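Undergrad: make a model of this:
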Amino acid sequence: MSKYFGTDGFRGEANVGLTVEHAFQIGRFLGWYYGREHHCSVVIGKDTRLSSYMFENALSAGIAASGADAYLMHVTTTPSVSYIVRSDDFDCGVMISASHNPFYDNGIKLLNGAGEKMQQSVIDEVERYLDGAFEIPLATGDRIGRIEDYAAGRNRYIGYLISLSTHSYKGKKVGLDCANGSTWMMAKSIFDALGAETHVIGNDPDGVNINEGVGSTHIENLQKFVRMNGLDVGFAFDGDADRCLAVDENGSVVDGDKILYLCARNMLQEGRLGGTKVVTTVMSNLGLYKALDTLGVGYEKTPVGDKYVAECMRANGHLIGGEQSGHIIFGKYANTGDGLLTAIKIMQVMLDQKKTLGELVAPVHIYPQLLRNVVVDDKEATLADLEVQAAERAVSERLGDEGRVLLRASGTEPLLRVMVEAGTPALCEENVEQIIEAMRTSGHLVRVKA
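TA: Modelled structure (predicted):
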């Protein structure tokens, strides 16, 4: 595991875990690394956090100080940076965002020249530089880089999304929750241009209210908004808009698993799925797999993280994948999760099929799921304990085809995650507790995290 960068970039509390000096150094590294053999250009986007402006200035100063050019897209989405990196031939891209975290956190996400999450070999070198393993020369004279406005890139991305819609949205009442984040201006302009009657919440950012009671992590507000206004559908984004959750006409949540189902089924019906599979993570619900089995559609499971979903899709040529949380990747159109693209694709299915969203996802029966985070003395020793393994096997055998158990180690904390899906919440509770009790009697349990 990397020291600074996780699966979604270098993230921490602004000027505590992630400092302005870190940002400047990352900029210095990128400008030098990609500029060793040609003049380098890096595109930067940011969300609406108070600290994003500070980090943008530090990153761009570092890039220019190493002799490269920084192009600023200003407030925009992560997928828009990914799109512009590859379409406009930048060496790499940077998105300043902590996604769904509160405003006082921030993050630096690095994208390679293909608009994909940066390869680990480059991340390793960034971290060596941050730890002082080597020095980088400062550019001087006319070799100092430039810092340019590049709002045009954001506008080109908006035009790209509009061009992907195969229908007019005239007559459709659409709710949008922009999380006071990256889509606060962009989302409404796109849906207005496509003809929708657009109703918006979470579109008044002030630097400190991103994700605060709004967005995909507070979907209950969009549920109420859709019901109160009699809307046909609602879409909620997170802070940097790489994820989207939907709300149907009845105010019910349509999560990433259901979105994967309805889009994969539409692709299958139109002959666009071919022999490819749907890529999920191990946390996808059993109900999704049963629904895909009914369609005769295959699937693959990856570790948790859209990074792993994207890697599996690229390696095997799969066309669609994602997570429950709403990170949905459409391989033909994007190299990363894209909340706005996901919303457009859902609208396409609704209009193609001439059905409501609720009708389209009705075949997916989501099984009750319970997840407990358990602090243990040693993750590996607990997983290897014969008593714990026996309890896990017993639960799996008891549930059979009508449930499943997942016991895995956290990648970032001294925790084991115990997850059970079953026919009722009571069965989930009972079976989770059986595994935790085995940890307790074997002496590994420290506490069950609240």
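Undergrad: wait, a strand at Val446?
TA: Yes. Counting by DSSP: H, G, I helix; E, B strand; the rest coil, Val446 is part of a strand.
Undergrad: contacts only, for the nearest residue in space to it that is not next to it in sequence.
TA: Once flanking residues are discounted, Val446 sits nearest to Val375: 4.2 Å by Cβ to Cβ, 6 or more residues apart in numbering. Where C-beta positions appear, they are placed from N, C-alpha and C, glycine not excepted. Counting by Cβ atoms under 8 Å, 6 or more residues apart in numbering, Val375 touches 414-415, 445-449.
Undergrad: which residues in the stretch 151-300 of the chain form strands?
TA: 173-177, 197-201, 233-237, 244-247, 253-254, 278-281, 299-302 (DSSP state E, counting those that start in this stretch).
Undergrad: can you lay out the ones you listed as a markdown table showing mean pLDDT and mean neighbour count?
TA: A markdown table is the format used below for these (pLDDT from 0 to 100; neighbours: other Cβ atoms under 10 Å):
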| stretch | mean pLDDT | mean neighbour count |
| --- | --- | --- |
| strand 173-177 | 98 | 25 |
| strand 197-201 | 98 | 19 |
| strand 233-237 | 98 | 29 |
| strand 244-247 | 98 | 29 |
| strand 253-254 | 98 | 21 |
| strand 278-281 | 97 | 26 |
| strand 299-302 | 96 | 17 |
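Undergrad: before we move on, the earlier item: beta partners for the residue nearest to Val446?
TA: Beta bridges link Val375 to Leu415, Arg447 when assigned by DSSP bridges.
Undergrad: okay, Asn15: pLDDT?
TA: As predicted, Asn15 sits at a pLDDT of 97.
Undergrad: from Gly67, how far off is the residue lying farthest from the centre of the chain?
TA: Most distant residue from the mean C-alpha position of the chain: Gly141, 41.2 Å away (Cα atoms, centre = their mean). Noted for Gly141: a distance of 10 Å to Gly67, by Cβ to Cβ, to the nearest Å.
Undergrad: residues in contact with the most centrally placed residue in the chain?
TA: For the chain, the residue nearest the mean C-alpha position is His327 (4.2 Å; Cα atoms, centre = their mean). By Cβ under 8 Å, 6+ apart, the residues touching His327 are 242-243, 256, 306, 309, 337.
Undergrad: of the residues you listed, which is the most crowded?
TA: Neighbour counts for the contacts of His327, by other Cβ atoms under 10 Å, peak at Asp242, which reaches 33 neighbours.
Undergrad: residues contacting it?
TA: 77-79, 99, 306, 327, 336-339.
Undergrad: change it to 6 Å
TA: Taking Cβ atoms under 6 Å, 6 or more residues apart in numbering, we find Asp242 in contact with 78-79, 337.
Undergrad: that'll do, ta.
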